[in-house]
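Enquirer: Return a 3D structure for these sequence lines:
(one chain, ligands or ions: 1)
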Amino acid sequence: MTMAMTTGASAGTTLGASAAEKGRYFGAAVAVNKLSNSTYTTILNREFNSVVAENEMKWASNEPQQGVFNHSSGDRLVSHAQANGMSVRGHTLLWHAQQPGWAQGMSGSALRSAMINHVTQVATHYRGKIHSWDVVNEAFADGGSGGRRDSNLQRTGNDWIEAAFRAADAADPGAKLCYNDYNTDGINAKSTGIYNMVRDFKSRGVPIDCVGFQSHLGTSLASDYQANLQRFADLGVDVQITELDVMTGGNQANIFGAVTRACMNVSRCTGITVWGVRDCDSWRGSDNALLFDCNGNKKAAYTNVLNALNAGPGIPTTPPTTTPPPTDPPPTTPPPTTGGCSASVSLNSWNGGFVASVKVTAGSAGTNGWNVSVTLPSGAGVTNTWSATASGSSGTVRFASVDYNSRLTAGQVAEFGFQGTGSGAGMTPTCTAS
Ligand code: XIL
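Expert: Now for the predicted structure:
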């Protein structure tokens, strides 16, 4: 008997459809102003089922003045994606590059507050709409040190990355939260530095879900490219190829194929994004680094990627859980209005400020609404709240549930957060349910 019909056999005819058959996405970086170019959007809509903004969700673009947010271009991309059934990667909440001038000039606790506020505000704006966020981009140094890159963000304290992940998690608990970097295409000092950070985060419960490998590649591919993806996956995070482009030349098509096969062979490699649509859209200019030529024709690299997607194994799926229909008639009286709830707080502090993440757990009767009271230490003040409505800003502050998190079933957990000045140490939240 031949084994020609493997479970992985399929024959999708576009990158997005073929990836989707294998439980993955295939995305492109989009320059939002090109969405009005029909040659561009024809290819984008036909081939890709995921998008990321090439520049428009970066700090300089969406918070040009401190506290003044402009999400118009990012929103336009999200609408385009939603209208065309594409998922969206968010790129990027924090990065040493493409910061607005006002942030470049800041340091210390003022920068720490500004950056956490940026993470909170942007992740809250897009809450529920982003598949994966690059929470932190390019924070490790090139070369042999395996350590952090120097930057204004790094100089606010080595814990800035975990503070960013906790703030992003509080603002959008549904998004996958990724660390993203380049020159990590194989087992080397830089990728090992990142690996050690991810292992540490997982062991301490810092909310990290995924690692992005930019994969801006030259004329060869590290032989341990797949092994490197696999060692991260083995830490319990998803991996994604996030900015793939490859220098032109004899090996280009082979390298595109090999990267795609490597992802397919790692069951936690959930998707691939190429950094642009046509060669002439690429930031790499004369490298002609993408899958379509400037006229929109498919290149040999395209064919290799499509074949690798179609040949690869799928991500094992867990069967959807079905809820059996209730055997009893629905209750005719409203559920009991009390039954309690409990709240716990976790803190992320720096000199002069903090972010508090609060978990509310419903008691046995569930909730129709909840209130959490917190007495702040003297001198502390609440400056910003998400996923709850605050009454008061110092002393005893009451946080009330909002529309989408009021109703909890027994044991269900809602999360909200607030940012404060001063010290938040020693707060004990109390929860009441209605
Ligand atoms: C690049 C964009 O493609 C360019 O248009 C822009 O001028 C500079 O940034 N790593 C990243 C991306 O994470 O955000 C960068 O994008 C490419 C390198």
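Enquirer: what about Ser364, how many neighbours?
Expert: Other residues lying near Ser364 total 9 when counted by other C-beta atoms under 10 Å. (Each C-beta comes from the backbone N, C-alpha and C, glycine too.)
Enquirer: my read: it touches Cys341, true?
Expert: No. Under the criterion of C-beta atoms under 8 Å, Ser364 is not in contact with Cys341, lying 10.2 Å apart.
Enquirer: Which positions in the stretch 151-300 of the chain make contact with the ligand?
Expert: By C-beta under 6 Å from any ligand atom, the residues of the stretch 151-300 of the chain that approach the ligand are 214, 243, 283.
Enquirer: and with 8 Å instead?
Expert: Taking C-beta under 8 Å from any ligand atom, the part of the stretch 151-300 of the chain that reaches the ligand is made up of 180, 182, 214, 216, 242-243, 275-276, 282-283.
Enquirer: what about burial for these, which qualify?
Expert: Taking 16 or more other C-beta atoms under 10 Å as the criterion, what is buried in those is 180, 182, 214, 216, 242-243, 275-276, 282.
Enquirer: so which of the residues you listed comes closest to Cys269?
Expert: The closest of these to Cys269 turns out to be Thr242 (C-beta to C-beta; 11.2 Å).
Enquirer: Just put the residues of the stretch 151-300 of the chain next to the ligand in CSV and tack on pLDDT.
Expert: Shown next, in CSV, are those (pLDDT from 0 to 100):
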residue, pLDDT
Asn180, 98
Tyr182, 98
Gln214, 98
His216, 98
Thr242, 98
Glu243, 98
Trp275, 98
Gly276, 98
Ser282, 98
Trp283, 97
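Enquirer: Could you save the residues you listed as a markdown table and add columns showing distance to Ala227?
Expert: Supplementary listing: those in a markdown table, determined by distance: C-beta to C-beta, whole Å:
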| residue | distance to Ala227 |
| --- | --- |
| Asn180 | 20 |
| Tyr182 | 18 |
| Gln214 | 18 |
| His216 | 20 |
| Thr242 | 19 |
| Glu243 | 21 |
| Trp275 | 24 |
| Gly276 | 28 |
| Ser282 | 28 |
| Trp283 | 29 |
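Enquirer: Report the two of the residues you listed separated the most.
Expert: Every pair in those was compared (C-beta to C-beta); the two farthest apart turn out to be Asn180 and Ser282, at 18.4 Å.
Enquirer: gap between Asp245 and Asn228?
Expert: 18 Å (C-beta to C-beta, to the nearest Å).
Enquirer: all helices of the stretch 1-150 of the chain, in order?
Expert: If DSSP state H, counting those that start in this stretch is used as the criterion, the helices of the stretch 1-150 of the chain fall at 15-21, 38-47, 59-62, 72-83, 101-104, 108-125.
Enquirer: deepest of the ones you listed, which one?
Expert: The highest average neighbour count among the helices of the stretch 1-150 of the chain, using mean count of other C-beta atoms under 10 Å, belongs to helix 15-21 at a mean of 22.
Enquirer: Tell me, how many residues neighbour the nearest residue to Gly74 once chain neighbours are set aside?
Expert: Spatial nearest neighbour of Gly74, chain neighbours left out: Met57 (4.7 Å); criterion: C-beta to C-beta, 6 or more residues apart in numbering. When counting by other C-beta under 10 Å, one arrives at 28 neighbours for Met57.
Enquirer: Isn't Met57 up against Gly90?
Expert: Yes. Contact status for Met57 versus Gly90: in contact at 5.9 Å, counting by C-beta under 8 Å.
Enquirer: Overlap of the contact sets of those two?
Expert: Val122 (C-beta atoms under 8 Å, 6 or more residues apart in numbering).
Enquirer: quick one: Ala258 and the ligand, what's the gap?
Expert: Taken as C-beta to the nearest ligand atom, to the nearest Å, the spacing of Ala258 relative to the ligand amounts to 21 Å.
Enquirer: repeat for Gly296
Expert: 19 Å.
Enquirer: pretty sure that residue belongs to a helix, no?
Expert: No. Under the criterion used here (DSSP: H, G, I helix; E, B strand; the rest coil), Gly296 is coil, not part of a helix.
Enquirer: That one reaches Asp281, doesn't it?
Expert: No. Assessed by C-beta under 8 Å, Gly296 is found out of contact with Asp281, at 10.3 Å.
Enquirer: neighbouring contacts of the helix or strand encompassing Phe416?
Expert: When secondary structure is defined by DSSP states H and E, Phe416 falls within strand 413-421. Defining contact as C-beta under 8 Å, 6+ apart, one finds that strand 413-421 is touched by 113, 116-117, 120, 167, 169-171, 173, 352-362, 370, 372, 376, 380-388, 390, 397, 399, 401, 405, 408.
Enquirer: now the residues you listed: which count as buried?
Expert: When these are checked for burial by 16+ other C-beta under 10 Å, the buried set is 113, 116-117, 120, 167, 169-171, 173, 353-362, 370, 372, 376, 380, 382, 384-388, 390, 397, 399, 401, 405, 408.
Enquirer: In helices, which of the residues you listed fall?
Expert: 113, 116-117, 120, 167, 169-171 (DSSP state H).
Enquirer: And the furthest pair within these?
Expert: When these are compared pair by pair using C-beta to C-beta, the farthest-apart members prove to be Ser113 and Asp169, with a separation of 18.1 Å.
Enquirer: okay, and for the stretch 1-150 of the chain, where does confidence drop off?
Expert: Applying pLDDT under 70 to the predicted model, the residue ranges of the stretch 1-150 of the chain that meet it are 1-10.
Enquirer: Return the residues of it in contact with the ligand.
Expert: Counting by C-beta under 8 Å from any ligand atom, the stretch 1-150 of the chain comes close to the ligand at 29, 31, 54-55, 58, 91-92, 95, 97-98, 134, 137-138.
Enquirer: Try it again at 6 Å.
Expert: Taking C-beta under 6 Å from any ligand atom as the criterion, the stretch 1-150 of the chain approaches the ligand at residues 54-55, 137.
Enquirer: who's in contact with Gln121?
Expert: If a contact means C-beta under 8 Å, 6+ apart, then Gln121 has 63, 69, 171 as its contacts.
Enquirer: so Thr367 touches Cys341, yeah?
Expert: Yes. Shown here, Thr367 and Cys341 form a contact pair, counting by C-beta under 8 Å, at 5.7 Å.
Enquirer: what sits in contact with each of those two?
Expert: Contact criterion C-beta under 8 Å, 6+ apart; residues shared by Thr367 and Cys341: 408, 433.
Enquirer: So if I had to pick from the two, which one is more boxed in?
Expert: The neighbour comparison of Thr367 against Cys341 (other C-beta under 10 Å) goes to Thr367, with 29 against 26.
Enquirer: now that one: how far from Asn384?
Expert: 24 Å.
Enquirer: what does Tyr302 give?
Expert: 46 Å.
Enquirer: Point to the residue nearest the middle of the protein.
Expert: With the centre of the chain defined as its mean C-alpha position, the nearest residue by C-alpha atoms, centre = their mean is Trp133, 1.8 Å away.
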